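Asker: Generate a structure from the sequence data that follows.
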Amino acid sequence: MAYIDAKDGTKLHVKDMGQGRPVVLIHGWPLTGDMFEYQTVALLEAGYRVITYDRRGFGQSGHPATGYNYDTFADDLASVIEGLDLQDVSLVGFSMGGGEIARYLSRHGASRIAKAVLVASVAPYLLKDESNPDGVDASVFEDMKTQIREDRFAFLQSFAKTFYGVGLVSRPVSQGVLDWSFVLGVMASPKATIDCVMAFGTTDFRPDLASFTIPTLVIHGTADKTVPIDPSGRAAANGIAGARLIEYDGEPHGLFATVPDRLNKDLLEFLA
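Answerer: Presented below is the predicted three-dimensional model:
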């Protein structure tokens, strides 16, 4: 099944591979479901059924003018889960994909969900304010939107270097990975790219954390400059009952490509 219809009719491009217990991988901004290349191979070889999909406005999914908010994103995830009739499914959300998991659980419950993994996730709350002094200043998000409007292509190239910690980590990604990430990013609607900055940057998922009633793993790099670990990974682990936190010392945001073997190992141990 290549496409599933969201509630508003938007076409969601889905890849459904393999047999066994299902794992849904939810991608980060501004990429597509294909960002999970290393994880997809590892999970398939371990005997899992792997489902990836492109968020609305990104990749090969429909590019509507509206709907770039987490209530809609969560309902889109529900459409994928229900459309494929998935049961006992594990959800793995990277970066803004962690927000989908949080809002899905609070809107749709955990009856179909077995486990959850938040990888470099924006949950529970990224924006700096009086209640969240360790967060990211609003001016950062405004500057990102300005750069995207002025030259989205130049922004994507510079953003990727921070994303993968180029020049900061001991195992830099290849130029090929940077080029591949650029290709995935330019597939997105410019409207979705801009609107999702505010979605992941300002949505407060703290009320959603109580809905994590399933085993939950949190993985985050301590040198993440895109989604700092204090208001995100550490706060999520503190706010989710029974959650386990694994910190990757000195690693940047793009863990799926900077340390894929380590991430795959931790995912497989938790899912087993």
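
Asker: For the rest of this, base every contact and every neighbour count on C-alpha atoms.
Answerer: Will do.

Asker: just the strands in the stretch 1-150 of the chain please.
Answerer: Taking DSSP state E, counting those that start in this stretch as the criterion, the stretch 1-150 of the chain contains strands spanning 3-5, 11-17, 22-26, 49-53, 89-94, 113-119.

Asker: which residues sit against the fourth one?
Answerer: Same thing as strand 49-53. 12-27, 32-34, 40, 43-44 (C-alpha atoms under 8 Å, 6 or more residues apart in numbering).

Asker: Weed out the non-buried ones from those.
Answerer: Neighbour counting by 16 or more other C-alpha atoms under 10 Å classes 12-16, 21-27, 32-34, 40, 43-44 among the contacts of strand 49-53 as buried.

Asker: got the contact list for Asn264?
Answerer: Counting by C-alpha under 8 Å, 6+ apart, Asn264 makes contact with Tyr38, Gln39, Ala42, Leu43.

Asker: Check the spacing between the last one and Val177 real quick.
Answerer: By that I understand Leu43. 20 Å (C-alpha to C-alpha, to the nearest Å).

Asker: What about Gly167, how many residues nearby?
Answerer: Neighbourhood size, Gly167 [other C-alpha atoms under 10 Å]: 11.

Asker: Checking it next. Helix, strand or coil?
Answerer: Here Gly167 is coil, with the state taken from DSSP: H, G, I helix; E, B strand; the rest coil.

Asker: so how far is Met187 from it?
Answerer: Between Gly167 and Met187 the computed distance is 26 Å (C-alpha to C-alpha).

Asker: try Ala120
Answerer: 22 Å.

Asker: Name the residue in the two with the higher neighbour count.
Answerer: A count of neighbours by other C-alpha under 10 Å puts Ala120 above the other of Ala120 and Met187, at 31 against 16.

Asker: Okay, and Met198 sits in which element?
Answerer: Met198 belongs to helix 190-202 when elements are defined using DSSP states H and E.

Asker: Contacts made by whatever helix or strand comes next after that helix with the rest, please.
Answerer: Under the assignment DSSP H and E, the closest C-terminal helix or strand after helix 190-202 is strand 216-221. Residues outside strand 216-221 that contact it (C-alpha under 8 Å, 6+ apart): 115-121, 229, 233, 236-237, 240, 242-253, 255, 270.

Asker: Among those, which are located in helices?
Answerer: Ala236, Ala237, Leu255, Phe270 (DSSP state H).

Asker: got the contact list for the first one?
Answerer: Shown in contact with Ala236 (C-alpha under 8 Å, 6+ apart): Ala123, Pro124, Leu209, Val218.

Asker: For the contacts of strand 216-221, which PyMOL command selects only the ones that are buried?
Answerer: One line in PyMOL is enough to select the buried members of those, burial here meaning 16+ other C-alpha under 10 Å:
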select buried, resi 115+116+117+118+119+120+121+229+233+236+237+240+243+244+245+247+248+251+252+253+255
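
Asker: hmm, back to that, need the strands of the stretch 1-150 of the chain in JSON lines (columns: mean pLDDT and distance to Ala192).
Answerer: Formatted as JSON lines, the strands of the stretch 1-150 of the chain follow (pLDDT from 0 to 100; distance: least, C-alpha to C-alpha, whole Å):
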{"stretch": "strand 3-5", "mean pLDDT": "97", "distance to Ala192": "18"}
{"stretch": "strand 11-17", "mean pLDDT": "98", "distance to Ala192": "14"}
{"stretch": "strand 22-26", "mean pLDDT": "98", "distance to Ala192": "16"}
{"stretch": "strand 49-53", "mean pLDDT": "98", "distance to Ala192": "16"}
{"stretch": "strand 89-94", "mean pLDDT": "98", "distance to Ala192": "18"}
{"stretch": "strand 113-119", "mean pLDDT": "98", "distance to Ala192": "22"}
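
Asker: now those strands as a markdown table including distance to Pro133?
Answerer: As requested, these are exported to a markdown table (distance: least, C-alpha to C-alpha, whole Å):
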| stretch | distance to Pro133 |
| --- | --- |
| strand 3-5 | 40 |
| strand 11-17 | 36 |
| strand 22-26 | 28 |
| strand 49-53 | 34 |
| strand 89-94 | 23 |
| strand 113-119 | 22 |
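
Asker: mind checking which of those is nearest Val80?
Answerer: strand 3-5 (6.5 Å; C-alpha to C-alpha).

Asker: Could I get the buried residue list for that closest one?
Answerer: Residues of strand 3-5 classed as buried: Tyr3, Ile4, Asp5 (neighbour count, 16+ other C-alpha under 10 Å).
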